[in-house]
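**Student:** Next come a sequence and a model predicted from it.
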Amino acid sequence: MANSLLTPTIIAKEALMLLENNLVMGALVHREYKNEFVKIGSSVTVRKPINFTAQDGVTRVNQDATENSTSITINKRKHVSWNFSSQDLTLTIEEYSKRFIKPAMVALANQLDYDVCGQFINLYRSVGTPGATPSTFANSVQIAGQKLDEMSVPQDERRLVLNAASYWNLAASLLSLYVQNVAEDVKLKGYLGQFGNFNTYLDQNVQSQTYGNVTGTPIISGANQTGATITISGATGGTYNAGDIVTFAGCFDVNPVSKAAMSYLKQFVVTTTSASSPTSIAISPAITVTGPYQNCSASPTNSGAVVQTASHVANLAFHKNAIALVVVPLEKPDGAPFSAFESYKDLNVRIVKSYDINNDVDIIRLDIMYGTATIYPDLACRLMG
């Protein structure tokens, strides 16, 4: 039985439900900063935990309580719009959704998901082999879990998001061990199961990093370097691309709590694409070798090797709080009687309809506005493939 006329609220509710159902990566990250944006505006500062170190002896040693922060900016505005006849609004919501709303929301959800997956470019830790698709528990779940454990990442709320090749390779390797869990999670899109404290998902929007292929023999130029820019020499061509991972000889990772040196070199992500034949590299995190925020055993060794990680698929192993997504409400425009705004589970959709008198058609558009950021990169790593 047909509705007398679909209202903007009915359409907006259906669109919001479809947006939620079509998200993978977007549904797995932190989404609870919406109210801050309503109050503050286009960006919000997120405070990060204070770090302290244990001191020796009876005598009190004072430490400065320094709060670091990062910010999330609302800089993504996406919409889908189409023409239709007034007769189409007399369809049932099921018919109208199938013909119009679902394709529109699939496109919006896919774009939002792609942008969240794109946050891999801020992650500096990685495991796996570039160009080799993860295919077993040992070279996917195990090495990713070990890396997060070594960096004191909480055991709960861990996710593993894989591209199709990695996902199905892992599924095939676990086939003889996997028992279908009859629970609500099996209804989620792309959900493989829980392995090694990871909830594991498929996302076609997992992206790849193409490295800049620096040639020559790049080495550290200068002793005792710290901070977010490292001077080098010996590069004869190529670049360091934003998102490339690099290591420096003599600069080892440390346990984030005890500051004890690990057995492997500290990894850094390039934050800005360099010039050809570069003489410096902009990196994150900044090299810090002392104090409560120490993240390296020592400065890079003067004349030591600079190694650039090759191109790779950036599968993602992360704690929920590593990455944030904020979808904020859009105001309903004045003079648009057919409009509505709906909010659910920290997602927001606006619908507006107008009439084009020149072409004698109605126009409808669905809008979302959002921002995404890596707020705690130390809670995540790439699983390279």
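**Tutor:** All right, it came through fine.

**Student:** CA atoms for contacts and neighbours, from now on please.
**Tutor:** Will do.

**Student:** Show me the shaky parts of the stretch 151-300 of the chain.
**Tutor:** 175-192 (pLDDT under 70).

**Student:** after the strand or helix carrying residue 264 comes which helix or strand?
**Tutor:** Taking DSSP states H and E as the criterion, the element that holds residue 264 is strand 261-270. As assigned by DSSP H and E, the chain's next helix or strand after strand 261-270 is strand 280-287.

**Student:** helices or strands up against that following strand?
**Tutor:** Applying 3 or more CA pairs under 8 Å, 6 or more residues apart in numbering; DSSP states H and E, one finds that strand 280-287 makes contact with strand 227-237, strand 261-270.

**Student:** Helices of the stretch 151-300 of the chain, residue ranges please.
**Tutor:** Residue ranges of the helices in the stretch 151-300 of the chain, as given by DSSP state H, counting those that start in this stretch, are 164-173.

**Student:** one step back: return the set of buried residues in the strand holding residue 264.
**Tutor:** Across strand 261-270, burial judged by 16 or more other CA atoms under 10 Å covers 261, 265-270.

**Student:** Now find how far off-centre that strand is within its chain.
**Tutor:** 21 Å (CA atoms, centre = their mean, to the nearest Å).

**Student:** And stretch 124-138, by the same measure?
**Tutor:** Centroid separation between stretch 124-138 and its chain, computed with CA atoms, centre = their mean, is 18 Å.

**Student:** Ok, stretch 194-212 next?
**Tutor:** 10 Å.

**Student:** Show me what the strand holding residue 264 pairs with in its sheet, parallel or antiparallel.
**Tutor:** Partner strands and pairing direction for strand 261-270 (DSSP bridges) are strand 245-254 (antiparallel), strand 280-287 (antiparallel).

**Student:** which ones are touching the nearest residue to residue 81 once chain neighbours are set aside?
**Tutor:** Nearest in space to residue 81, with sequence neighbours left out and distances taken as CA to CA, 6 or more residues apart in numbering, is residue 365 at 4.1 Å. With CA atoms under 8 Å, 6 or more residues apart in numbering as the criterion, the residues that contact residue 365 are 79-82, 351-353.

**Student:** Which strand or helix spans residue 365?
**Tutor:** Remark: residue 365 resides in strand 361-374, with elements defined by DSSP H and E.

**Student:** and that strand, C-alpha only, in CSV?
**Tutor:** Extracted as CSV, the C-alpha positions of strand 361-374 are listed here (Å, rounded to 0.1, in the frame of the first residue of the first chain):
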residue,chain,number,x,y,z
VAL,A,361,11.4,18.7,-11.9
ASP,A,362,11.9,18.4,-8.2
ILE,A,363,15.5,18.3,-6.9
ILE,A,364,16.5,16.5,-3.7
ARG,A,365,19.8,16.4,-1.9
LEU,A,366,21.3,14.6,1.0
ASP,A,367,24.2,16.2,2.9
ILE,A,368,26.7,15.1,5.5
MET,A,369,29.5,17.2,7.1
TYR,A,370,32.3,15.6,9.0
GLY,A,371,36.0,15.6,10.0
THR,A,372,38.4,12.8,10.8
ALA,A,373,41.8,12.8,12.5
THR,A,374,44.4,10.5,14.0
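
**Student:** 385 is where my numbering starts, stick with that
**Tutor:** With 385 as the first residue, the last one maps to strand 745-758.

**Student:** Please identify the buried residues of it?
**Tutor:** Those would be 746-758, for strand 745-758 by 16+ other CA under 10 Å.

**Student:** centroid residue for the chain?
**Tutor:** With distances taken as CA atoms, centre = their mean, residue 503 lies nearest the centre of the chain, 3.6 Å away.

**Student:** Against residue 694, how distant is that residue?
**Tutor:** Counting by CA to CA, to the nearest Å, the separation of residue 503 from residue 694 is 18 Å.

**Student:** helix or strand right after the longest helix anywhere in the chain?
**Tutor:** The longest helix of the chain (DSSP state H) is helix 486-501. Next in sequence after helix 486-501, counting helices and strands by DSSP H and E, comes strand 510-512.

**Student:** Any chance of a markdown table for the strands paired with strand 645-654, columns distance to residue 551?
**Tutor:** Rendered in a markdown table, the data for these read as follows (distance: least, CA to CA, whole Å):
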| stretch | distance to residue 551 |
| --- | --- |
| strand 629-638 | 23 |
| strand 664-671 | 29 |
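
**Student:** okay, the ones you listed in JSON lines with distance to residue 527 and mean neighbour count next?
**Tutor:** Putting those into JSON lines (distance: least, CA to CA, whole Å; neighbours: other CA atoms under 10 Å) gives the following:
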{"stretch": "strand 629-638", "distance to residue 527": "16", "mean neighbour count": "21"}
{"stretch": "strand 664-671", "distance to residue 527": "22", "mean neighbour count": "21"}
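
**Student:** Show the contacting residues for residue 544.
**Tutor:** Contacts of residue 544 (CA under 8 Å, 6+ apart): 525, 582-585, 699-702.

**Student:** wait, what's in contact with residue 462?
**Tutor:** For residue 462, the contact set (CA under 8 Å, 6+ apart) comprises 492, 751-753.

**Student:** so it bridges to which residues?
**Tutor:** Legend: beta-bridge partners of residue 462 under DSSP bridges are residue 752.

**Student:** Check the gap between it and residue 734 for me.
**Tutor:** Here the criterion is CA to CA. By it, residue 462 lies 11 Å from residue 734.

**Student:** likewise residue 403?
**Tutor:** Residue 403 is 12 Å from residue 734, where distance means CA to CA.

**Student:** Tell me which of the strands paired with strand 645-654 approaches residue 414 most closely.
**Tutor:** Proximity of the strands paired with strand 645-654 to residue 414 was assessed by CA to CA; the nearest stretch is strand 664-671, lying at 21.3 Å.
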